[in-house]
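**Q** Got a predicted structure here, sequence first:
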Amino acid sequence: MSIAMKTALVGVGTTEQGELPGRSANDIAAEAIGLALDDAGLRKSDVDALITCRNLTGRSGIDEQVGHLLGLNPAFSATLDYGTGNFSLHLGVMAIV
């Protein structure tokens, strides 16, 4: 079955919210991605793209940083410079189609 023109959200990773002493935003992002992969039944080796949103108040959330924490080397990656995930979802869909 072709996935062309179809998109699926296959995994969700939910972490604690708020300021978490001793944990960086990148650590929390990496945890969320790991949980989403587990939820989807995927391995890190299944990931070929990574889209992140940079933290508006710092330098966290950059794709190279988060990818490095996870041990990923995706074929495609991007970091968006705002704190909403809406366009991230659209960019992900465009990468699939």
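**A** Arrived safely, thanks for sending.

**Q** Export stretch 55-65 to PDB, keeping only CA atoms.
**A** Extracted C-alpha coordinates of stretch 55-65, given in PDB (Å, rounded to 0.1, in the frame of the first residue of the first chain):
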ATOM      1  CA  ASN A  55      13.500  27.500  22.300                       C
ATOM      2  CA  LEU A  56      12.700  31.200  22.000                       C
ATOM      3  CA  THR A  57      14.500  32.100  25.200                       C
ATOM      4  CA  GLY A  58      17.600  30.100  24.700                       C
ATOM      5  CA  ARG A  59      19.600  28.000  22.300                       C
ATOM      6  CA  SER A  60      17.900  24.700  23.000                       C
ATOM      7  CA  GLY A  61      15.900  22.600  20.500                       C
ATOM      8  CA  ILE A  62      18.300  22.800  17.600                       C
ATOM      9  CA  ASP A  63      18.100  19.700  15.400                       C
ATOM     10  CA  GLU A  64      21.800  18.900  15.500                       C
ATOM     11  CA  GLN A  65      21.800  19.100  19.400                       C
END
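
**Q** And the contacts of that stretch?
**A** For stretch 55-65, the external contacting residues (C-beta atoms under 8 Å, 6 or more residues apart in numbering) are 24-26, 29, 50-54, 77-79, 82-83. Placement of C-beta: from N, CA and C, glycine included.

**Q** what about the one helix or strand in the chain whose mean pLDDT sits lowest, distance to the chain center?
**A** Counting by mean pLDDT, DSSP states H and E, the chain has its least confident helix or strand at helix 86-96, which shows a mean of 77. Relative to the centre of its chain, helix 86-96 is centred 11 Å away, using C-alpha atoms, centre = their mean, to the nearest Å.

**Q** I'm done for today, thanks for sticking with me.
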